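Trainee: Fold the following and give me the result.
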Amino acid sequence: MSEPKRPVAVVAEEAPLRTKPSIYPEPFASRMAGRLKRPLGDLFGLGNFGVNLVHLAPGAVSALRHAHARQDEFVYVLRGHPTLCTDAGDTPLSPGMCAGFQAGMGDAHCLRNDTDEEAVYLEVGDRSPGDAATYPDDDLRAVSTPAGWRFEHKDGTPY
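Mentor: So this is what the prediction gives:
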């Protein structure tokens, strides 16, 4: 079977939206309302790292506050003024600012849009096998498997 035909270049804002708005189980998935992701890395068949163009409506959050065991993450703000929420507290961001999250450091993070304007940013993460994520504010943990992310309660029972 041949590989699917990949584009050479695209207008990022016109790339298809992620088919499933959130991979979190309920009751967490509905908390991602107002977040739209365009998986640009997948569009080009990138396997070592992912790139998403993310739009956050006013009041929306990027993700549950989380920390990865093996996956580095990076965000670059294009438009708007999201707030970076980390263990150290809240940091206002503006266009041109960026932030990085080194794997294994345990500093849980997410972006929150507290403004009345849309925020848009690039999100980049590697795809290290055997990753896991912790969620200090929620009864959730995630383990990366060859079949995708498996979500569990903190006591290990599945969702």
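Trainee: mind showing which ranges of the chain have poor pLDDT?
Mentor: Within the chain, the set of residues satisfying pLDDT under 70 comprises 1.
Trainee: where along it do the strands fall?
Mentor: 35-39, 49-56, 67-68, 73-79, 83-86, 89-92, 98-101, 109-112, 119-126, 132-135, 140-145, 148-152 (DSSP state E).
Trainee: quick check: angle from the first one to strand 119-126?
Mentor: Following axes from the mean of the first three to the mean of the last three C-alpha atoms, to 10 degrees, one obtains 50 degrees for the angle between strand 35-39 and strand 119-126.
Trainee: Which residue is the nearest non-sequential neighbour of residue 102?
Mentor: Distances taken as C-beta to C-beta, 6 or more residues apart in numbering put residue 72 closest to residue 102, at 5.9 Å, once the chain neighbours are dropped. Glycine gets a C-beta too; all of them are placed from N, C-alpha and C.
Trainee: count of neighbours near the one you found?
Mentor: 16 (other C-beta atoms under 10 Å).
Trainee: what's across from the residue lying closest to residue 124 once chain neighbours are set aside in the sheet?
Mentor: Once flanking residues are discounted, residue 124 sits nearest to residue 74: 4.5 Å by C-beta to C-beta, 6+ apart. For residue 74, the residues forming beta bridges with it (DSSP bridges) are residue 100, residue 124.
Trainee: I figured residue 74 hits residue 100, correct?
Mentor: Yes: Residue 74 is within contact range of residue 100, at 4.6 Å (criterion: C-beta atoms under 8 Å).
Trainee: check contacts around residue 67.
Mentor: Counting by C-beta atoms under 8 Å, 6 or more residues apart in numbering, residue 67 makes contact with 101, 105-109, 133-134, 136.
Trainee: same check, this time on residue 87
Mentor: By C-beta under 8 Å, 6+ apart, the contact list for residue 87 reads 106-109, 136.
Trainee: Quick check: PyMOL command selecting the buried ones in those.
Mentor: Burial among the contacts of residue 87 is assessed by 16 or more other C-beta atoms under 10 Å; the matching PyMOL selection reads:
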select buried, resi 108+109
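Trainee: Among the contacts of residue 87, find me the one that's closest to residue 124.
Mentor: Nearest to residue 124, judged by C-beta to C-beta, of those is residue 109 at 13.7 Å.
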